[in-house]
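**Q** can you look at this prediction? I've put the sequence above it.
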Amino acid sequence: MPEASTAAAHAPVYVVGAGPGGLAVAAALRGRGVPAVVVEKADKVGNSWRGHYDRLHLHTTRRLSSLPGLRMPRRFGRWVRRDDVVAYLEKYAEFHELDVLTGVAVERVEALPEGGGWRLRAGGGRVLEGRAVVVATGFNHTPYVPGWPGLDAYGGEVLHAGAYRAAEPFRGKDVLVVGVGNTGAEIAVDLAEGGAARVRLAVRTPPYILRRSTLGWPAQRTGILIRRLPVRLVDLLADPVCRLSVPDLGDKGLARPSGGLATRARQGAIPVQDVGLVAAVRAGRVEPVAAVEEFADGEVVLADGSRVRPDAVVAATGYRRGLEPLVGHLGVLGPRRPTPRARRPHGEARPRPLLHRLHQPDQRHVPRTGPGRRPHRGANRQVPL
């Protein structure tokens with residue numbers, strides 16, 4: 001990092017986003033004596049977690065989901081529910097005495113001249129200046145709904161999974177869930193268990209399904225043990241395990257996956273943790289159907305040519321990272337993740353002050369290894385919440 005002006009040298013590091021990653025980074029910086037300020041657009045930390053659907057639990061075990069410096073209490077159980085995650089994040093910020101600036105939406109990050117640090121432009125004309133910036137806004141930032149033909153003219157109810165909270169409003173209704181990632185699978189099960197009259201699950205590519213745990217051994221631990229193995233080897237090992245642990249659902253409309261579990265995961269297709277989907281499909285309470293192609297004449301047209309007329313459509317179709325307005329002009333964004341710092345213009349002798357993007361590919365859960373798993377070793381004290 002180049003020499004900076006006196007003012008920049010004493011300026012704080014700004015961490016954009018008060019989710020699990022942002023809080024963990026701020027705690028790590030504070031533990032090293034680096035002044036850090038977390039900037040959050042909402043009025044509380046962990047805002048994205050507060051908006052998740054009611055039945056959500058971590059798919060990662062409590063012991064491997066704690067952020068550095070504070071263990072999750074044992075009373076949370078093995079699979080921590082949404083509200084306990086929120087309480088933990090609040091306690092984490094309090095325990096580490098983090099400086100959190102809420103209600104400030106950062107809209108653009110700019111490099112100051114002459115290695116002077118970074119300028120953050122926020123809503124209402126507010127301007128902040130720091131010596132470094134960590135962008136911890138997550139990959140699941142902006143809900144994404146595909147531009148299906150006819151969607152704008154469709155008169156039925158359509159909502160993104162991010163707006164789904166519970167099954168009660170859909171009791172007695174015919175619901176089509178689009179997308180069979182972890183969110184879509186769990187919402188489909190929630191609807192079936194919560195009294196929906198009929199639940200169909202639109203599937204374009206059959207997913208790999210993993211038992212959340214087998215004989216008490218969590219799939220997460222297996223993932224950690226094999227993460228350094230070659231991708232092709234993991235594919236070879238995983239295929240028979242999946243076939244033995246998950247029954248063939250082909251006769252129910254959900255074919256066996258192909259392409260290799262690890263290969264697909266590298267491409268962004270995260271395996272589905274089974275929290276009731278297999279049983280629901282076998283019992284006929286969740287019906288897999290073909291992918292959605294378009295909306296026409298008040299109906300949803302599927303890839304196999306069939307048509308359905310649901311009362312509601314829940315689009316579990318993912319999110320976009322939404323970083324382009326924030327840092328897109330800095331040339332740091334790649335197709336999947338940013339580079340660790342701003343690129344140097346040709347001929348520039350020294351790098352700019354650091355701009356970091358915290359990489360968290362699966363924001364649905366607290367990262368299994370944590371953002372900076374051990375930024376200050378020996379600090380994992382447990383305190384009551």
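**A** On my side now, so go ahead.
**Q** going forward, measure contacts between C-alpha atoms and count neighbours the same way
**A** Fine.
**Q** low-scoring stretches of the stretch 201-350 of the chain, by residue?
**A** Residue ranges of the stretch 201-350 of the chain with pLDDT under 70: 335-350.
**Q** now do the strands in it.
**A** For the stretch 201-350 of the chain, the strands identified by DSSP state E, counting those that start in this stretch occupy 209-211, 213-214, 217-218, 272-274, 287-290, 292-296, 299-302, 307-308, 312-315, 319-320, in order along the chain.
**Q** how about those in TSV, adding mean neighbour count?
**A** Below are the strands of the stretch 201-350 of the chain laid out as TSV (neighbours: other Cα atoms under 10 Å):
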stretch	mean neighbour count
strand 209-211	21
strand 213-214	14
strand 217-218	14
strand 272-274	21
strand 287-290	22
strand 292-296	19
strand 299-302	20
strand 307-308	16
strand 312-315	21
strand 319-320	14
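**Q** so for residue 260, which of those strands sits nearest?
**A** For those, proximity to residue 260 was assessed by Cα to Cα; strand 209-211 is nearest, at 12.0 Å.
**Q** what's the offset of stretch 22-37 from the middle of its chain?
**A** Using Cα atoms, centre = their mean, to the nearest Å, the distance from the centre of stretch 22-37 to the centre of the chain it belongs to is 22 Å.
**Q** list of residues touching it?
**A** Stretch 22-37 is contacted by residues 11-17, 38, 67-69, 89, 92-93, 96, 98-101, 134-137, 371-372, 375-376 when judged by Cα atoms under 8 Å, 6 or more residues apart in numbering.
**Q** out of these, which end up buried?
**A** Using 16 or more other Cα atoms under 10 Å as the burial test, the contacts of stretch 22-37 include 11-17, 38, 67-69, 89, 92-93, 96, 98-101, 134-137, 371, 375-376 as buried.
**Q** in helices only, show me those.
**A** When DSSP state H defines the helices, the subset of those inside them is 89, 92-93.
**Q** which of those residues sits closest to residue 185?
**A** residue 89 (26.0 Å).
**Q** excluding its backbone neighbours, what's nearest that closest one?
**A** Computed as Cα to Cα, 6 or more residues apart in numbering, the closest residue to residue 89 that is not its neighbour in sequence is residue 46, at 6.3 Å.
**Q** and what about the nearest residue to residue 62 once chain neighbours are set aside, helix, strand or coil?
**A** Leaving aside its sequence neighbours, residue 62 sits nearest to residue 78 (Cα to Cα, 6+ apart; 5.2 Å). Judged by DSSP: H, G, I helix; E, B strand; the rest coil, the three-state class of residue 78 is coil.
**Q** can you tell me how far residue 78 is from residue 64?
**A** As judged by Cα to Cα, to the nearest Å, residue 78 and residue 64 stand 10 Å apart.
**Q** swap in residue 24?
**A** 14 Å.
**Q** more crowded one of these two?
**A** When neighbours are counted by other Cα atoms under 10 Å, residue 24 and residue 64 differ, and residue 24 comes out ahead with 28 against 18.
**Q** report the secondary structure state of the more buried one.
**A** helix.
**Q** quick one: the strands of the stretch 201-350 of the chain as a markdown table, columns for distance to residue 32 too.
**A** A markdown table is the format used below for these (distance: least, Cα to Cα, whole Å):
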| stretch | distance to residue 32 |
| --- | --- |
| strand 209-211 | 39 |
| strand 213-214 | 37 |
| strand 217-218 | 34 |
| strand 272-274 | 37 |
| strand 287-290 | 51 |
| strand 292-296 | 51 |
| strand 299-302 | 55 |
| strand 307-308 | 58 |
| strand 312-315 | 43 |
| strand 319-320 | 33 |
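**Q** can you tell which of the ones you listed is closest to residue 157?
**A** Closest approach to residue 157 among the strands of the stretch 201-350 of the chain is made by strand 312-315 (4.7 Å; Cα to Cα).
**Q** helices and strands around that closest one, which ones?
**A** In terms of contacts (3 or more Cα pairs under 8 Å, 6 or more residues apart in numbering; DSSP states H and E), strand 312-315 is packed against strand 157-160, strand 174-178.
**Q** among the ones you listed, which comes closest to residue 262?
**A** Across these, closest to residue 262 is strand 174-178 (Cα to Cα), at 23.6 Å.
**Q** what angle sits between the helix or strand following the closest one and strand 174-178?
**A** On the C-terminal side of strand 174-178, the closest following helix or strand by DSSP states H and E is helix 182-193. In this structure, helix 182-193 runs at an angle of 170 degrees to strand 174-178, with axes from the mean of the first three to the mean of the last three Cα atoms, to 10 degrees as the basis.
**Q** quick check: buried residues in the helix or strand where residue 21 lies?
**A** Assigned by DSSP H and E, residue 21 belongs to helix 20-31. The neighbour-count check on helix 20-31 (16+ other Cα under 10 Å) flags 20-30 as buried.
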